[in-house]
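# pasted the sequence and its predicted model underneath.
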Amino acid sequence: MTACAHHHETEDLCDAGAELYARALREGLVPAKEAHETPCVLDSGLLHPSLDHPGRLVPVAPAVALHRLLRFSGERIAAERRREVRLAEAFQSLMRTGEPPVETHTPTFRVLNGSERINGAIVEALAEGTGELLCMQPHSNYHTSEGARAAQAAALVRDQDFLDRGGRIRVLYPHTQRHIPLVVARYEQLNGDAEARTLDEVPGRLIVIGRAVAYIPGDADGQRSVALEIRHPAVITYLVNVFDRFWRLATPMHPRAVQPASLNGVTARQRAIARFLVEGHTDAVIADCLGMNIRTARVHIAKLAAMLGSQSRAQLGYLIGRSGILDRAE
C-alpha cells in the first residue's frame with residue numbers, strides 16, 4: 001500500500017496503522033520511515049516525531065489521543081449541524097416557490113371499507129347535502145327485526161330532514177319491491193317532494209347526493225362491504241344522466257301508482273327501444289343501455305315488428321320513423 005492510495009477518515013484507523021501505533025506503545029519508539037505507508041497515524045496525531053531521537057516517532061498516550069479525536073469529531077458534527085441550518089434557511093423560500101399548491105379539497109375518489117364506515121360517510125354527506133337525493137335500490141331483504149326497524153326509522157328521519165331543507169328525493173326500485181309494506185310505508189310517512197318509481201330491473205345500487213357526491217358498490221360479490229365514494233364532477237354528471245334515463249322508463253309508484261303510458265299499444269319501454277332501433281344499435285347495446293337482458297329486449301323488438309308489419313331490421317327502423325311513435329314519446 002502506498003501513501004497516495006492510503007485514504008480513509010482520520011478516526012477510522014486502518015489495521016496497519018493500528019498495528020504500528022500498538023507497537024510504538026509497546027516499544028516507545030518506531031522508525032519514522034515505517035509510517036510512510038500508514039500516514040493516518042501521523043494525520044490523527046497518534047504518532048509524532050521525537051525531539052530526542054531524530055528519525056524516530058513517539059506515540060501519544062491513548063487517553064490523550066482518544067480525547068483529542070472525540071473533540072474533533074464533536075466539532076465536525078457541530079459544523080455539519082450549522083451547515084444543515086444554513087441549507088434549510090436557504091432552501092425554505094425556494095421550496096415554497098417550487099411547490100405545487102397544496103390540495104385541501106376532498107379526494108375525488110375514496111374507497112370505503114366496512115358497513116359502519118360506508119354508512120357513516122353517507123349519513124355525513126346527506127346531513128350536509130342539498131338539492132336532490134337520487135337512489136337506485138335493487139332487490140333487498142327487508143328484515144322485521146328490532147335492529148332493522150331502528151335502522152329504517154333512523155333513515156326515515158334523515159330523509160325527512162333532507163326534505164325539510166328543501167331537498168327532493170327520487171328512488172328507483174325493481175317492480176318486485178312496489179308491494180312490500182315497508183317500502184310503501186316509507187313514502188307514506190315522508191312529507192315533501194319524495195318520488196319513487198319501479199322498473200323490471202334495476203342495474204345496481206347507486207346514491208347521488210346533491211350532485212356533489214355519489215356512492216356505488218366497490219365489491220363484485222354483492223356483500224356491500226366495500227363502496228366507492230365519488231366526487232368527480234364528470235363522473236357524477238354521467239351517473240345522474242344514467243339515473244334520469246332509467247327514471248323516464250320507470251313506472252310511478254309514489255305519490256301514486258299508474259300504468260305506464262301506452263300510445264296505440266306501444267309502451268314507454270318499447271318507445272325507448274324504438275328510438276335505439278332507429279339509431280341503428282344492436283340488440284345487445286339496446287339491452288345494456290336500458291338495463292334489461294337481451295332476451296327481453298328481443299321480445300319487445302319482435303312485438304314492435306309484428307305491430308308495424310316489418311319483415312326486416314332495416315324496414316323496422318323505416319316503419320318506426322313513419323309511424324310517429326317517437327314523435328309522441330316523452
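Perfect, thanks for sending it.
# distance from the centroid: which residue in the protein tops it?
Most distant from the centre of the chain: Asp52, at 79.9 Å, with distances by C-alpha atoms, centre = their mean.
# do you know how far that residue is from Leu46?
19 Å (C-beta to C-beta, to the nearest Å). (C-beta placed from N, C-alpha, C; glycine too.)
# can you point out the buried residues in stretch 238-245?
239-240, 242-243 (16 or more other C-beta atoms under 10 Å).
# next: stretch 61-70.
65, 69.
# also stretch 157-172?
In stretch 157-172, counting by 16+ other C-beta under 10 Å, buried: 159-160, 162-163, 167, 169-172.
# save those residues as CSV, and put in pLDDT too.
Below are the buried residues of stretch 157-172 laid out as CSV (pLDDT from 0 to 100):
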residue, pLDDT
Asp159, 86
Gln160, 86
Phe162, 85
Leu163, 84
Gly167, 86
Ile169, 91
Arg170, 92
Val171, 92
Leu172, 92
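# which one of the residues you listed is nearest Leu69?
For these, the minimum distance to Leu69 (C-beta to C-beta) is 74.5 Å, reached by Phe162.
# assess the claim that the closest one and Leu126 are in contact.
Yes. Counting by C-beta atoms under 8 Å, Leu126 is a contact partner of Phe162 at 6.0 Å.
# joint contacts of those two?
Leu133 (C-beta atoms under 8 Å, 6 or more residues apart in numbering).
# show me what contacts the residue nearest to Gly55 when sequence neighbours are not counted?
What sits nearest to Gly55 in space, not counting adjacent residues and going by C-beta to C-beta, 6 or more residues apart in numbering, is Ala32, at 5.3 Å. Ala32 makes contact with 49, 55-57, according to C-beta under 8 Å, 6+ apart.
# any chance of those residues in a markdown table, plus secondary structure?
Below are the contacts of Ala32 laid out as a markdown table (DSSP: H, G, I helix; E, B strand; the rest coil):
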| residue | secondary structure |
| --- | --- |
| Pro49 | strand |
| Gly55 | coil |
| Arg56 | strand |
| Leu57 | strand |
